[in-house]
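>>> below is the structure, and that's it, no one-letter string:
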Ligand code: C5P
């Protein structure tokens, strides 16, 4: 059984290194994973990843690649030099792009996750880019594509986890954002789940940002979240 400390991924969604440093200092040793996304990586570059590694964090570099297969292949090759263990590509990039990414990731046991439909997309948005129909069907279709291409897992909203787990089997890793511990604000997340619900619905990893990073005491907020997960995790063994 994985412990709570091993499955929480704190999203370091901050603009600059100074803010990232403060948070990493408070969270080091208390949680295994942090997620570095487009905002911080674009501002600070690969050195922020190295710094996180030096502090002992496992790194999920969430850059959601979507480009021609060769470009994505080369980008994953660059990621392999960074000592990152988890990263993302858009499944909408198509089977050939996904296979190129999978081939490169396999060289270093990089956990390659597919993003299906962004949670900011609704039926109207998807229809406007020529993808009509219920969002859940789109997500399952893209999830199947990801699995067929050999991806290790998917980023999935809380609403989609149960269905994806049922349709795609137990091996696929499912990483779920939109987690809101008891008493925290939803913010702009429309579809949220408590940490316990997310684990029970089949998520392997939970991405948590603002409930920790914007808490008055991030270490305390993290500890409450870890405590909230003890029982659900022991039930899942
Ligand atoms: O602050 P919050 O807990 O909402 O942060 C969630 C994190 O997960 C953010 O980094 C966000 O970009 C990311 N994410 C998401 N929904 C997705 C994919 C990623 O919220 N579908």
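Perfect, thanks for sending it. Just so we're clear, the structure is a prediction, and the values are computed from it rather than from any experiment.

>>> residue 53 and residue 164: what is the separation?
For residue 53, the distance to residue 164 under the criterion Cβ to Cβ, to the nearest Å works out to 30 Å. Where you see a C-beta, it was placed from the backbone N, CA and C, and this is true even at glycine.

>>> anything in the longest strand anywhere in the chain near the ligand?
Across the chain, the longest stretch assigned as strand under DSSP state E is strand 58-65. No: with Cβ under 6 Å from any ligand atom as the measure, strand 58-65 is seen stopping short of the ligand, the closest distance being 6.7 Å.

>>> returning to that earlier point: more neighbours: which of residue 53 and residue 164?
When residue 53 and residue 164 are compared for neighbours, residue 164 comes out ahead with 26 against 15, by other Cβ atoms under 10 Å.

>>> nearest residue to residue 152 in space, please, no chain neighbours.
residue 111 (4.7 Å; Cβ to Cβ, 6 or more residues apart in numbering).

>>> what residues are up against that neighbour?
Residue 111 is in contact with 85-87, 105, 152-153, 173, counting by Cβ atoms under 8 Å, 6 or more residues apart in numbering.

>>> tell me the phi and psi of whichever residue of the chain sits closest to the ligand?
Closest approach of the chain to the ligand (Cβ to the nearest ligand atom) occurs at residue 209, with a separation of 2.5 Å. When read as degrees, to the nearest 10, the backbone of residue 209 gives phi -110, psi -100.

>>> the single longest helix found in the chain: which residues count as buried?
Scanning the chain for the helix with the most residues, using DSSP state H, yields helix 218-235. Residues 218-219, 221-222, 224-226, 228-229, 232-233 are the ones in helix 218-235 that count as buried (16 or more other Cβ atoms under 10 Å).
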